[in-house]
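Enquirer: Sharing a model prediction with you, sequence too.
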Amino acid sequence: MAEAGISADQDRFSCPVCLDLLKDPVTTPCGHNFCKVCINGFWDKEDQRSVYSCPQCRETFTPKPALCRNNMLAEVLEELKKTKMSVKCDSCIGRKRKAVKSCLVCLASYCEDHLQPHYQSPAFKKHKLVEACAELQEKMCSEHDKPMEIYCRTDQSFICYLCTMDQHKGHDTVSTKAERTEKQNELKEEQMKYQQRIQEKQKTVQELKQTVDIIKIRSQAAVDDSEKIFTELISSMEKKRSEVTELIRAQEKAELSRAERLLNQMEQEIADLKRRVTELEQLSHTHDHIHFLQSFPSLCVSPGCDDSPSFTVNLSFDGVRKSLSDLKKRVEQNCEEEFKKIHPQAVQKILPSEPKIREDFLQYFHYLTLDPNTAHPLLILSEKNRVVTRSETEQRYSDHPERFDSWTQVLCKESVCGRCYWEVEWSGVVSISVSYKEISRKEQVLEEDIIMEYCLVTVEIIKLAASFCVLLVVEFRLIGHQWLSDLIPSLPFSVSWRLSPLGQLYAGTMLAEVVEELKKTEMSVKCDSCIGRKRKALRTCLVCLASYCEDHLQPHYQSPAFKKHKLVEACAELQKKICSEHDKLMDIYCRTDQSFICNLCTIVQHKGHDTVSAKAERTEKQ
């Protein structure tokens, strides 16, 4: 219900200034809503008068009002945009419901209810249903209003069967189904190749992981061994340091012992002299002359040698210092020399060797293919986009944003990184190099800019080896049916071609003439869309290959999706006039085999035969 309400009031959500759906809606004081950019632009023109008015009700404001974003309205607009983006049912009259499937035969989309005939009616049994898509009408030829069911390999474009009789006459054309089948096979081959490359790279990754583990284990073992060696070396040095210290201390102890003995001797002599001085002092004070004279001779005798013993320090550590200093220099020099030997060995084992011969380079080989969407109009791709040749005349390639139009260049589909190797065979003047994806495609670039900023492939005449290719960096894209359904709507193929009238073939009435000549029956034709009791059909659609009653015919009158469908008088047994091979209406007569065929038969088993429209054959026979 919310969706219905929003859809019904879409006009109410339009900006009165730009008349488009509101963008970033803001509300004026008078209550009207505008795009923020629109109202600001409108008021900018009124800045000179300093009086601002509402574009809708003309109410004036002074000064310029502050505008606030209408958040609720913005949310409603978001829902409205989502509703508009969904694919609508082409058969719904009035309010259209959401389509769930699109039919590639009817070239229309259907909701669940209007899809039932495709499930229940035999007329729609062979129709191809896909997920609902909005670009169905772009699959119609803009020149002839016919489905583009044929692929022109010469021009690499999609065409209708009438195009094969005009500007694409004589070109290499196949049905889109056949081209899809071939591309599908190529796709499978590519998938297998890439799967094989994935497996090879996964194997390489596994081996690399094992190598990484080995590197870690070996590195840790080397670290542990070096730590052990250095620990032992440090321990040995510590031991030698202790020994040297002990030697120094022993020498110190010997010298100190000698000094202490001499010191004790000197102290004893000093004590003796002090005692003699005391005795002499006492003797000098005695009053007994006889005692003085008797004692004086003995006290005047010297107790020992008057000369003081000399002490010479024989201790010197200069030799030790010099020896240790020399040892330090020799150890450092030896370590430096040994480390120089260790470093290259470690680097040599870690870094891979540089490739020098072709066999070494092949491990970095990349399988590359040229991208036809980038090829300059003077370049022709061949051999599954592995060979490029310069032509004197421009090719009628479709317009594409990635196509070069100034320089005769072409890029590759695959991107590369790291070390890459490729081989090229060429003749003439060729430039081969690597480029960024964002290089300019649509403008002239000075030659010096090419050299300074990026590298391009400039081709005069180039033939590449079957297994090698020019390398340029672009993102990889798959080719095949997925490419058709996803990219063709965005490419203006129909704009590139202009057809001249084809006389009676262009008249558009030939199918009606064929149908009128179909076998008449007294039974009325039944509507293929009626569920249950079927009503009488009034018209038959030569695009849908089905008949419709008055009610079910209304979408063909009112919906733009059915505007280019061809309606004729209701005819019975229409399915018998359908090609059993391609499920297409047999509206072409093959004079070579004297049989009626469909448009796809003209490019398959009847290719090169004398074929005309059924109407032309009828006119001649008439």
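Expert: Sure, I can see it.
Enquirer: Surely residue 420 is in contact with residue 364?
Expert: Yes - in this structure, residue 420 sits in contact with residue 364. The criterion is CB atoms under 8 Å, and the distance is 5.8 Å. In this view, the C-beta of every residue, glycine as well, is placed from N, C-alpha and C.
Enquirer: now for the top helix by length along the chain, which elements pack on it?
Expert: Ranked by residue count, the top helix of the chain under DSSP state H comes out as helix 176-284. Using 3 or more CB pairs under 8 Å, 6 or more residues apart in numbering; DSSP states H and E as the contact test, the elements touching helix 176-284 are strand 150-152, helix 289-300, helix 318-350, helix 481-487.
Enquirer: residues in contact with residue 112?
Expert: Residues in contact with residue 112, defined by CB atoms under 8 Å, 6 or more residues apart in numbering, are 97, 100.
Enquirer: Is it in a helix, a strand, or coil?
Expert: Three states are possible here, and by DSSP: H, G, I helix; E, B strand; the rest coil the one that applies to residue 112 is coil.
Enquirer: so where's the stretch 301-450 of the chain shaky on pLDDT?
Expert: The model of the stretch 301-450 of the chain has pLDDT under 70 over residues 301-311, 313-314, 343-353, 443-450.
Enquirer: Could I get the full set of strands for it?
Expert: For the stretch 301-450 of the chain, applying DSSP state E, counting those that start in this stretch gives strands covering 379-382, 387-390, 430-431.
Enquirer: Nearest to residue 61 among these would be which one?
Expert: Shortest separation from residue 61 across the strands of the stretch 301-450 of the chain is recorded for strand 379-382, at 62.3 Å, computed as CB to CB.
Enquirer: just how off-centre is that closest one within its chain?
Expert: Once both centres are worked out by CA atoms, centre = their mean, to the nearest Å, strand 379-382 turns out to sit 26 Å from its chain's centre.
Enquirer: May I have that strand exported as CSV, CA atoms only?
Expert: As requested, C-alpha coordinates have been extracted for strand 379-382 and formatted as CSV (Å, rounded to 0.1, in the frame of the first residue of the first chain):
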residue,chain,number,x,y,z
LEU,A,379,42.9,-2.3,-36.2
ILE,A,380,41.5,-5.8,-37.0
LEU,A,381,41.6,-8.5,-34.4
SER,A,382,41.6,-12.2,-35.4
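Enquirer: Can you name every helix or strand that it contacts?
Expert: When contacts are defined as 3+ CB pairs under 8 Å, 6+ apart, strand 379-382 packs onto strand 387-390.
Enquirer: what helices or strands is the strand it packs on leaning on?
Expert: Counting contacts by 3+ CB pairs under 8 Å, 6+ apart, strand 387-390 packs against strand 379-382.
Enquirer: Next, the buried residues of the strand it packs on.
Expert: Neighbour-count burial for strand 379-382, with 16 or more other CB atoms under 10 Å as criterion, is recorded at 379-381.
Enquirer: Note down every partner strand of that strand and its orientation.
Expert: Note on strand 379-382: by DSSP bridges, its sheet partners are strand 387-390 (antiparallel).
Enquirer: For the partner strand, C-alpha coordinates in PDB please.
Expert: Taking Å, rounded to 0.1, in the frame of the first residue of the first chain, the C-alpha atoms of strand 387-390 are listed here in PDB:
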ATOM      1  CA  VAL A 387      46.400 -11.300 -33.700                       C
ATOM      2  CA  VAL A 388      46.000  -7.700 -34.600                       C
ATOM      3  CA  THR A 389      46.600  -6.200 -38.100                       C
ATOM      4  CA  ARG A 390      46.400  -2.600 -39.200                       C
END
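Enquirer: what's the distance between it and the middle of its chain?
Expert: Strand 387-390 sits 28 Å away from the centroid of its parent chain (CA atoms, centre = their mean).
Enquirer: now stretch 198-205
Expert: Per CA atoms, centre = their mean, the displacement of stretch 198-205 from the mean C-alpha position of its chain is 21 Å.
Enquirer: With stretch 356-374 instead?
Expert: Centroid displacement of stretch 356-374 relative to its chain, using CA atoms, centre = their mean, is 20 Å.
Enquirer: got it, and stretch 107-115?
Expert: Centroid separation between stretch 107-115 and its chain, computed with CA atoms, centre = their mean, is 36 Å.
Enquirer: List the buried residues in that stretch.
Expert: By neighbour count, with 16+ other CB under 10 Å as the criterion, the buried positions of stretch 107-115 are 107-111, 114-115.
Enquirer: Let me know the closest of those to residue 539.
Expert: Taking CB to CB as the measure, residue 539 lies nearest residue 108 of the buried residues of stretch 107-115, at 15.4 Å.
Enquirer: show me what contacts the closest one?
Expert: Contacts for residue 108 were tallied using CB under 8 Å, 6+ apart; they are 90-91, 102, 136, 544, 555, 559, 561-562.
Enquirer: which one of the residues you listed sits closest to residue 154?
Expert: residue 136 (26.1 Å).
Enquirer: tell me the least confident of the contacts of residue 108?
Expert: Looking at pLDDT alone, the contacts of residue 108 dip lowest at residue 136, where the score is 74.
Enquirer: what is the rounded mean pLDDT of the helix or strand harbouring residue 620?
Expert: Here residue 620 is covered by helix 614-621, with elements defined by DSSP states H and E. For helix 614-621, the per-residue pLDDT values average out at 85.
Enquirer: In that helix, which of the residues would be classed as buried?
Expert: Of all the residues in helix 614-621, those buried under the rule 16+ other CB under 10 Å are 614-618.
Enquirer: Would you check the distance separating that helix from the middle of the chain?
Expert: 56 Å.
Enquirer: With only the CA atoms kept, save it in CSV.
Expert: C-alpha atoms of helix 614-621 as CSV (Å, rounded to 0.1, in the frame of the first residue of the first chain):
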residue,chain,number,x,y,z
ALA,A,614,7.4,-14.6,-48.6
LYS,A,615,5.7,-11.5,-49.8
ALA,A,616,8.1,-11.0,-52.7
GLU,A,617,7.7,-14.6,-53.7
ARG,A,618,3.9,-14.2,-53.5
THR,A,619,4.0,-11.1,-55.7
GLU,A,620,6.1,-12.9,-58.3
LYS,A,621,3.9,-16.0,-58.3
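Enquirer: So which elements touch it?
Expert: helix 510-516, strand 588-590.
Enquirer: Can you flag the weakest of the ones you listed by average pLDDT?
Expert: Out of those, helix 510-516 stands lowest, with a mean of 43 (criterion: mean pLDDT).
Enquirer: before we move on, the earlier item: between the longest helix of the chain and helix 289-300, how many degrees?
Expert: Inter-element angle recorded for helix 176-284 and helix 289-300: 150 degrees (by axes from the mean of the first three to the mean of the last three CA atoms, to 10 degrees).
Enquirer: any idea of the mean pLDDT in helix 176-284?
Expert: Model confidence over helix 176-284, given as mean pLDDT, is 90.
Enquirer: now it and helix 318-350, what's the angle there?
Expert: With the same axes, to 10 degrees defining the directions, helix 176-284 sits at 170 degrees from helix 318-350.
Enquirer: now helix 176-284, how far from the centre of its chain.
Expert: With CA atoms, centre = their mean as the basis, helix 176-284 stands 49 Å off its chain's centre.
Enquirer: quick one: the strands in the stretch 451-600 of the chain?
Expert: Under the criterion DSSP E, counting those that start in this stretch, strands of the stretch 451-600 of the chain are mapped to 458-459, 539-541, 546-548, 567-569, 588-590, 595-597.
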